[in-house]
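Visitor: Structure of the sequence below:
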Amino acid sequence: MARLRKHRLDGLFGAGGGMVLLPLLSRTTDLKPHELFACSVCIILPVSLVSAGIYLLRGGSFLPDAIPYLIGGAIGGAIAGLTLRKLPTKWLRRAFGAFILWGGLRLLLK
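Guide: Numbering: from 1, shown residues only. Here you go, the predicted structure:
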């Protein structure tokens, strides 16, 4: 059960943190929408690194399984970084919403 709770918290503050961070940052800061998305992504990295460090200290091993995702994430991050300023805010919101829906559907259909 503790393992399940850990993954829920990591999802809330790590990779899934955009669902919490974007609304929080938009209400508490004067950042523009593009800056909000960038800040949200920047917050994910340190939280994920801490989570991975704790997992490794407890004897976990995930690097061989993670390499394809790390490569894909690096490529996607580079593309996003190059195109973020060029996309209208409306399309960023739609893409983010579609990503959340896709992830939710995948979880429901498992």
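
Visitor: From the geometric centre of the protein, which residue sits farthest away?
Guide: The outermost residue of the chain, judged against the average C-alpha position, is G59 (24.3 Å), by C-alpha atoms, centre = their mean.

Visitor: Please go through this protein and pick out the longest helix.
Guide: helix 33-57 (DSSP state H).

Visitor: Show me what that helix is packed against.
Guide: With contacts defined as 3 or more C-beta pairs under 8 Å, 6 or more residues apart in numbering; DSSP states H and E, the packing partners of helix 33-57 are helix 2-13, helix 18-28, helix 89-108. For glycine as for every other residue, the C-beta is placed from the backbone atoms N, C-alpha and C.

Visitor: Try it again at 10 Å.
Guide: Under the contact definition 3 or more C-beta pairs under 10 Å, 6 or more residues apart in numbering; DSSP states H and E, helix 33-57 sits against helix 2-13, helix 18-28, helix 63-83, helix 89-108.

Visitor: which regions of the chain sit below the pLDDT cut-off?
Guide: Across the chain, the ranges flagged by pLDDT under 70 are 1-19.

Visitor: Please repeat the previous calculation with a cut-off of 50.
Guide: The model of the chain has pLDDT under 50 over residues 1-8.

Visitor: follow-up on the earlier one: which of the helices and strands packed on helix 33-57 has the highest mean neighbour count?
Guide: helix 18-28 (a mean of 14; mean count of other C-beta atoms under 10 Å).
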